[in-house]
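1. Next one to model:
(3 chains)
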Amino acid sequence: MNQNDAVTAPSPMDSLELDIRDLRVEYRTMEGTVYALNGIDLQIPKGRTLGLVGETGAGKSTTGLAIMNLIPSPPGVIVSGSIFLGGESILKKSEKEMNLIRGNKVSMIFQDPMTSLNPVVPVVDQIMEVIEHHEKISPRESLPKALEMLEMVGIPRNRAHEYPHQFSGGMKQRVIIAIALACSPYLLIADEPTTALDVTIQAQVLDMMRELRKKYQMSMLMITHDLGIVVEICDLVAVIYDGRVVEHGTLRDIFINTRHPYTEGLFNSLPDMENPKAELKPIPGLMPDPTRIPTGCPFHPRCGYAMDICAKTRPSRYYASTEHYVECHLYDEKTVVSGGRIKQ
Amino acid sequence: MKKLMGVLCLLVAFAASGLFVPAPASAAGVKDTIIFAYETEPANLSTVENNAIAAYYPCFMIYSGLFKNTTDGIEKDLCTDYHIEKNAQGLETIWVFKIREGVKFSDGSDLTAKDVVATLKYAQTRPTVKSLTNWYTDVEAVDDYTVKIMTAKVFSTAPEALSNKACYILPSELIASGHDFNNKPVGSGPFKLSKWAKGDSITFVSNENYYHKDKMPKIKEVVWKIIAEGTSRSIALETGEVDFVINVDALDIPRLQENEDVVVSVTDGSMFTYLALNNAKGPFKDENLRKAISCAVNRESIIAVALENFGAPIYSSIPIIMDGWTMENATTFDLDKAREYLKTWGGDPSSLKFAIIVSTDVRRRAAEVIQSNLLEIGINCTIEQVDSATLTQVYNSGDFMSYISAYTSNDLLTWLNGVFRNTGTSSSQFRQAGLDMNGMIDSIAQTTDPTARKALVTEVNKTINAQQPFVPIYQSKVLIAYNANLEGVEIDPMGMFRLENFYWRK
Amino acid sequence: MWRFVLKRVLTIIPIMLGTTFIVFSIMSFAPGDAVGMLAADASQEEKAALRQELGLDDPLLIQYARYIKNLLLGDMGISYKSGAPVTEELAARIPYTALLAVVASIITIILAIPLGVIAAIRQNTFFDTSSMVFCLLGISIPPFWLGLLLILSFGVKLKMLPVSGSGSWAHLIMPAITQSVAGLATIARVTRSSMLEVIRQDYIRTARAKGIAYNQVIRRHALKNSLLPTITVAGLQVGALLSGAVVTETVFSWPGIGRFLVSSISWRDTPCVLGCVVIFVLTFSIINLIVDILYGFVDPRIKAIYKKA
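-> Okay, here's the model as predicted:
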């Protein structure tokens, strides 16, 4: 792998399950325009799992919804960019065409299992619905498949006709996973799938997802703020700040060869297992107000390494390898590979 | 869900088709039905169980009596001839009536003296009409077609009294069997009840057994529609849904008068409206104060404000249509006089505190004018609007200072009895003292000679005027409107008419 | 479930006793009585005789107990005014009020729910704004005025519809519209706001993520959830239909129970007034029960509570 290859960005390839280029999304409301995604790039090769990491409000969920083409409009507007799913441009699809893709080629698991199921419909019916829709079969034919899905996620058949309120949070999330996987999608978007669950349940659900990913050989976009989950399940990681990927790489790139001060900050705010006495160093300040983005590098007001230039121009992207890149003024084409930072 | 809705709609349609009465279909060309609109439904169709005007119209259709009241006066109806006989004391207290032969009730049974006797005796037992039946002491049948009615004292107006619906004849057998005349009336009038759709309409058809072959109704079917709202009645007439409106809203008159298809009839009415003052207690015991108030009340402006000018001012204390009426001793609108009377009274007008109790909107408007009139002579009063049951209770209990009420009758004696008679435990409507009204009413009743009687009435009128027991305000006009093709319409001052004379112009 | 229904049916008994007692007391303490109305000119003795005949001079509690005893035997007494059995008087009028109420309810529900739903899913569009303006008008316009307006336009000017009475289906149209407008507006507004809340719920997003078309998502997932507040209000509106009947029945001379109640009150015809009250309370209770049962059908969580009860 030579450096010249790394400088040129990869072009959309058949081997990519998901390819997002320069996506910009705004929410235009009476109070002002929220710049949610500001030129995000994301690629997920077939069969791999990308972790999308960032603080609340960084644009993680918007990314997921954009892929589903479910950004509420109004107020949401996709200003520019492209989303290719299995080589097909999502943003050029009609609503009718999208309805053949959602739940079929791409599925999404939402954050809160407590509210993501319709309270007045038995759980099995909610699974059957997606099967019937995409496979064009009758309820009679879809019922065994739905029951099979439920068993696969660990819910006994005899509880299939119960209502969501009779299920615990973990069981509901299993049902949601069953709905998402019912039509064997190529890509699964999981938006904080375990955040609302107890720790023990989290582990069970994650284990199950890992198994199912293998079984279905699907690609996955794991949206989370929990680096622990990233370690457990992801191949690639994209760290997102203010609607833009600031650092991207393999698990190893991000965790060992950390480049971006923000990524560093994320790790520093985790307790250190080897040195429990070490002080936690949370990132100072808050995410910038999305209606008033700072000039230059949006992270500079919170960055310990901020230089004059950081407030003036957006940093360019520097590739340490084909997969590992960073957007930070601390680096140039050379130093990014070694990890050496430009001193002030 | 859709199926359920469909079934529901079908059920509704099925149920509704049973409710809807098809409109009376007349034979092609010749119209022989008429639809009336009236504001209130009669409480019942019995002659003896109510005394409200609403029941008079249907009773005049269904029943007939020995005499009837027409625009020309009292006429013989079931009675063909009568004379008065003297009793053992030589007083003319025995009335002998010949009953028309061959009269049948609408159920086909014959009407004879037996039925007259049974009816008059039965009517006397009914509390509601007691004041209309207490003039006779006994009734007996001489033969099948002759009846004797005994009165306690000389009673000059037996034919008038017998023309009241309370004395209309019912079949004796049905009386004996406790028949429900309220809802299933049987009489010998020109019409009979066909259907009473409660709250909606009463339908009458002509009685094929009616005795008066020359006066067989030309209109075969009469629908009496209850339309409570005044404007709705006028609109129904304009759209042709009804043919005849009784009690037209005064506000609608100008519009109806412009309509060529409608005849508006404005006749002088006998509904005598007055401001009652409590003569028995409080400041109104003083006749000077009562006169001061009467002089201060501007009748003309009340008529303009409350009646849209459809009324006539009244100052004298008996209805203007009565024989013997006089203005003598009556007070008229005169503020100077009013202040004079106040001075004579001697009290402080600003110390007066009283409420005028009213029960209808028209009378509330009248009271508002009176309120501002009285302010001119320094008297403050309030207005209290109650429902008619409460007003009845108030004047029966005597617990009032003043209220506005009205009374109507074609017959002077009935009128005087209704307004002035002291009925034992309860005195007259405004508790006047110092006047022996009962004696005066009885002496009129006992005077048979018309000239003497007229003089007596004038005397009584003068005497009452001098006392000013109440403040006469207005007699409202009778406002009726009907389809211009209808002929034979004659309306009496009470607003009554004889339907059997109506017919449609071809 | 059946135990729940039975329990609710049994609660009608104390409600019925309470309301009839209150109304009976009010009627007894109100100034004036039926005798004064029937025989205003009669003397005190004659009135006393009539009072005795009607049983009005017994102590109030005895009169009330007698009424309840007879009511249990299915006898609602005799109308003071007409002398006919109250059951007969009511039987002549209830079908008209019921017909009007049912037709008005059908119009209300058929129009209000789609109106509210469409306004919600097209929030802030012309349709939404105009239909909400319509609803605001519908709630604010007094039925009396609306009735007269309809009469003047469709009856007098266009001569399309009869203006009063109850002879045919054509007679039903204007009263039914008058009766339904306020309810329609209220239910449409409630449906809209409840629908707006529901379509922002996570499960709607879940359903859309399945690839189900938006219209179908609304029908299958949003509608049922948004119906709870609608059902509550619709239940209350049926009550409003009963009370609104008075005005509509007066304007259109519709021979129903509302006008009958008012005239019975002014006549102090206590048996008839109580008869109307019994019917109103029964209707209200049954509709409330139906509403509660419907809750159970719509929402399994509520059904679960009923089962525990």
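
2. does residue B:167 really touch residue B:136, like I thought?
-> No - here residue B:167 lies out of contact with residue B:136, judged by C-beta atoms under 8 Å, at a distance of 9.2 Å. In this view, the C-beta of every residue, glycine as well, is placed from N, C-alpha and C.

3. Could you check which of those two has the larger neighbour count?
-> Between residue B:167 and residue B:136, residue B:167 has the larger neighbour count (other C-beta atoms under 10 Å in any protein chain shown), namely 26 against 21.

4. so what pLDDT did the more buried one get?
-> As predicted, residue B:167 sits at a pLDDT of 92.

5. Give me the nearest residue to it, chain neighbours excluded.
-> In space, and not counting its chain neighbours, residue B:167 is closest to residue B:65: 5.3 Å by C-beta to C-beta, 6 or more residues apart in numbering or on different chains.

6. A helix includes the one you found, no?
-> No - assessed by DSSP: H, G, I helix; E, B strand; the rest coil, residue B:65 does not belong to a helix; its assignment is coil.

7. Tell me how far it lies from residue B:77.
-> 6 Å (C-beta to C-beta, to the nearest Å).

8. the more surrounded of these two?
-> Taking neighbours as other C-beta under 10 Å, residue B:65 and residue B:77 compare with residue B:65 leading, 27 against 24.

9. who's in contact with the residue nearest to residue A:217 when sequence neighbours are not counted?
-> Leaving aside its chain neighbours, residue A:217 sits nearest to residue A:47 (5.7 Å; criterion: C-beta to C-beta, 6+ apart). By C-beta atoms under 8 Å, 6 or more residues apart in numbering or on different chains, the contact set of residue A:47 is A:17, A:217, A:218, A:219.

10. per-residue confidence for residue A:47?
-> Value listed for residue A:47 in the pLDDT field: 84.

11. Please tell me how far it sits from residue A:214.
-> 10 Å.

12. so who does the residue nearest to residue B:167 touch?
-> B:77, B:78, B:162, B:163, B:164, B:165, B:167, B:168, B:169.

13. Let me know the closest of those to residue A:83.
-> Set against residue A:83, the nearest of those by C-beta to C-beta is residue B:165 (92.1 Å).

14. tell me the contacts of the closest one?
-> When contacts are counted by C-beta under 8 Å, 6+ apart, residue B:165 touches B:47, B:55, B:56, B:59, B:60, B:63, B:65.

15. if I look at it, how far off is residue B:47?
-> 5 Å.

16. Equivalent analysis for residue B:91, please.
-> 30 Å.

17. For these two, indicate the residue with more neighbours.
-> Counted by other C-beta under 10 Å, residue B:91 and residue B:47 do not tie: residue B:47 has more neighbours, with 28 against 14.

18. Which strand or helix spans that one?
-> Assigned by DSSP states H and E, residue B:47 belongs to neither a helix nor a strand.

19. Just the pLDDT at it, thanks.
-> pLDDT, read off for residue B:47, is 89.

20. Show me where the stretch 201-309 of chain C has its helices.
-> Under the criterion DSSP state H, counting those that start in this stretch, the stretch 201-309 of chain C carries helices at the ranges C:202-209, C:214-217, C:223-251, C:257-266, C:270-298, C:300-308.
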